[in-house]
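In: Okay, predicted coordinates and the sequence, questions at the end:
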Amino acid sequence: MVSIKGYQIKEQLYNGSRTLVYRAVQENDQKPVVIKILQNAYPSFNELLQFRNQYTIAKNLNIPGIIRPYSLESLQNSYALVMEDFGGISLHEYMQMNDSLSLQKLLSIVIQVSDILHNLHQNRVIHKDIKPANILINPETQQVKLIDFSIASLLPKESQEIKNPNTLEGTLAYLSPEQTGRMNRGIDYRADFYALGITFYELLTGELPFKSNDAMELLHCHIAKNPREIKKSQLKVVLGNSLEINKPHPNPLLGKERGQEFPQVLSDIVMKMMAKNAEDRYQSALG
């Protein structure tokens, strides 16, 4: 386990392909913190730039719904980003831990993220990497916060050039069509709504709308393929039929609620967020 001067490492929270995240205690005042470092011992200039970017942007934002960065400290050839610890875990992990999650809880989560995005966009920040791994939730209080501003932009709009899928900024499974660089149009705050739509789709159904191991095929899906509308049959919701009532509940995301109807309006909301053209999505997070 890594050693960082001035901090006592308690546990590893995340071990990804690019970053490591630890829960720790600051030795001088015993304040609980979360520390994020780069996986690569010799990071490239671009990696260091992105790592600094998340500190530079987040430290100037006075928004309750984002994780507050405390400091950016030198660590050998790289940096260590020290952040607040509010007892949260990633939404991805939370989904895996809970075998029952009601629609009310799902709505509360998505509404909180929408409020955070509204405040971000009011501060002219585009996150550009909304996904369950970047949304933290406190299992006890249900408070939600957003993390990882490594590729966030302070510009209200920016252009995107055509790149190899493996070098695109963001996460391919949640990438808006305009972020692919193949739409001949700029990126603005509405790209975050598309990614939130995919996140909501995944929360409701337990699966992504587009799945492929081929990066080019995934880009094609985002640009040209419409997601399947969310139906009750897709969710496999038990509707209280006497022939089904004794069956185990097949969808862990919707819990063990009997006779639950899936509101069509939720499917409509998700489909609108995932519209291919930004003009067809909601035009603000308040929407």
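Out: Perfect, I can see it now.

In: What's the local residue count around the spatially closest residue to residue 225 that is not a sequence neighbour?
Out: In space, and not counting its chain neighbours, residue 225 is closest to residue 210: 6.7 Å by Cβ to Cβ, 6 or more residues apart in numbering. The C-beta positions use only the backbone N, C-alpha and C, and glycine is treated the same way. For residue 210, the count of nearby residues is 21 (other Cβ atoms under 10 Å).

In: The one 3 residues further on too?
Out: Using other Cβ under 10 Å, residue 213 has 6 neighbouring residues.

In: next one: residue 180
Out: By other Cβ under 10 Å, the residues close to residue 180 number 20.

In: gap between it and residue 216?
Out: Using Cβ to Cβ, to the nearest Å, one gets 10 Å for the distance from residue 180 to residue 216.

In: isn't the residue nearest to residue 225 right up against residue 223?
Out: No: if you go by Cβ atoms under 8 Å, residue 210 and residue 223 don't touch, sitting 10.5 Å apart.

In: wait, what's in contact with the most centrally placed residue in the chain?
Out: Nearest to the mean C-alpha position of the chain, by Cα atoms, centre = their mean, lies residue 131 at 2.2 Å. With contact taken as Cβ atoms under 8 Å, 6 or more residues apart in numbering, residue 131 is in contact with 92, 171, 173-174, 195, 198-199.

In: gap between it and residue 89?
Out: In this view, residue 131 and residue 89 are 15 Å apart by Cβ to Cβ.

In: One more: residue 2?
Out: Per Cβ to Cβ, residue 2 is found 20 Å from residue 89.

In: residue ranges of the strands in the stretch 1-150 of the chain, please?
Out: Using DSSP state E, counting those that start in this stretch, the strands of the stretch 1-150 of the chain run over residues 7-15, 19-26, 32-38, 69-75, 78-84, 89-90, 135-137, 144-146.

In: count of neighbours near residue 77?
Out: Neighbours around residue 77, by other Cβ under 10 Å: 11.

In: which residues in the stretch 51-200 of the chain form helices?
Out: Ranges of helices in the stretch 51-200 of the chain, per DSSP state H, counting those that start in this stretch, are 91-97, 103-122, 190-205.

In: Only the C-alpha atoms, please, for the shortest one, written as CSV.
Out: Extracted in CSV, the C-alpha atoms of helix 91-97 (Å, rounded to 0.1, in the frame of the first residue of the first chain):
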residue,chain,number,x,y,z
LEU,A,91,-23.2,4.7,-7.2
HIS,A,92,-21.8,1.7,-9.1
GLU,A,93,-20.8,0.0,-5.9
TYR,A,94,-24.0,1.0,-4.2
MET,A,95,-26.0,-0.6,-6.9
GLN,A,96,-24.1,-3.9,-6.5
MET,A,97,-24.4,-3.9,-2.7
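
In: buried set for that helix?
Out: 91, 93-95 (16 or more other Cβ atoms under 10 Å).

In: same question, stretch 194-214
Out: By neighbour count with 16+ other Cβ under 10 Å, stretch 194-214 contains the buried residues 194-206, 208-210.

In: what does stretch 135-142 give?
Out: By neighbour count on 16+ other Cβ under 10 Å, the buried set for stretch 135-142 is 135-137.

In: and of these, the nearest to residue 106?
Out: Residue 106 lies nearest to residue 137 out of these, by Cβ to Cβ, at 11.2 Å.

In: Give me the distance between the closest residue to residue 156 other than its chain neighbours and residue 154.
Out: Once flanking residues are discounted, residue 156 sits nearest to residue 124: 5.3 Å by Cβ to Cβ, 6+ apart. According to Cβ to Cβ, residue 124 stands 6 Å off from residue 154.
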